[in-house]
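Student: Turn this into a model:
(one chain, ligands or ions: 2)
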Amino acid sequence: MGLDMSEPKKYRYLPEEFPARNEVVGVDTATLVNMLLSAFADEVLAWYQYYVSAYAVRGNISTELEDVFKKIAEDELNDHAKKLADRLQDFDVDPPDFRDLWQLSKCKQTELPEDPHDVDGFIIAGILAERCALTSYREIFKYVFGKDPVTEEIIEDIISDEAEHETIFRNLLSKEGLKRLKELEKKD
Ligand SMILES: [Fe+2]
Ligand SMILES: [Fe+2]
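Tutor: Numbers count the residues shown, from 1 in each chain. Ligands and ions are numbered 1, 2, ... in the order given. The predicted structure is shown next:
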């Protein structure tokens, strides 16, 4: 019998009932769990975006950039996604089926340039992904601030990493790339 790829498996995500957590006061657990699941999906998709970027990018500084993409991809998966999955487990929530990741993600994936030599394009895609992540994490931080110190600390750590990632990407942009980024910012 082959694997049934059509229907996502639910595992214990989501459980019938969330366990009571004494460290969490004044927060709707279902809302918090949804936010964490969405952030988890963003992290896995960001990991994949950077993983693909590391292999796809060609041309000037591509070797350096390949290392940067791989290093940041590592942070997204083995640090951020892991911290979120561990926190979700405190609420009896398992990582979602991979077929649900796209739907759960708010940031989805930033579109990568068609031209593999468009080095700035890959970097800009990274900057946009980091900015989207920062927006979501600020929202989660606001939601749990003073009410769930455990999640608050995790989110605070991740926010400082994402801010650093954005800076690393920005500093790799060419002068032309910076101009492109500014044009994009004007459109927002
Ligand atoms: Fe991340
Ligand atoms: Fe990041």
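Student: I'd like to know which elements the lengthiest helix in the chain is packed against.
Tutor: In the chain, with assignment by DSSP state H, the single longest helix is helix 29-56. Secondary-structure packing of helix 29-56 (3 or more Cβ pairs under 8 Å, 6 or more residues apart in numbering; DSSP states H and E): helix 62-74, helix 82-89, helix 101-104, helix 119-144. All C-beta spots, glycine's among them, are computed from the backbone N, C-alpha and C.
Student: Quick one: work out the angle between it and helix 119-144.
Tutor: Computed by axes from the mean of the first three to the mean of the last three Cα atoms, to 10 degrees, the angle separating helix 29-56 from helix 119-144 equals 170 degrees.
Student: Report the rounded mean pLDDT for helix 29-56.
Tutor: For helix 29-56, mean pLDDT rounds to 97.
Student: try stretch 111-125
Tutor: The pLDDT scores in stretch 111-125 average 96.
Student: Flag the shaky bits of the protein, pLDDT-wise.
Tutor: For the chain, the stretches flagged by pLDDT under 70 are 1-3.
Student: which parts of it sit against ligand 2?
Tutor: Within reach of ligand 2 by Cβ under 5 Å from the ion, the chain has these residues: 130, 162, 165.
Student: so who does the residue of the chain found nearest ligand 1 touch?
Tutor: Across the chain, the shortest distance to ligand 1 (Cβ to the ion) belongs to residue 80, at 3.6 Å. For residue 80, the contacting residues are 43, 158, 161, by Cβ atoms under 8 Å, 6 or more residues apart in numbering.
Student: next one: residue 149
Tutor: Residue 149 is in contact with residue 23, counting by Cβ under 8 Å, 6+ apart.
Student: could you redo the last one with a cut-off of 10 Å?
Tutor: Taking Cβ atoms under 10 Å, 6 or more residues apart in numbering as the criterion, residue 149 is in contact with 23-25.
Student: Turn these into a markdown table, including distance to residue 63 and secondary structure.
Tutor: Below are those laid out as a markdown table (distance: Cβ to Cβ, whole Å; DSSP: H, G, I helix; E, B strand; the rest coil):
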| residue | distance to residue 63 | secondary structure |
| --- | --- | --- |
| 23 | 45 | coil |
| 24 | 46 | coil |
| 25 | 50 | coil |
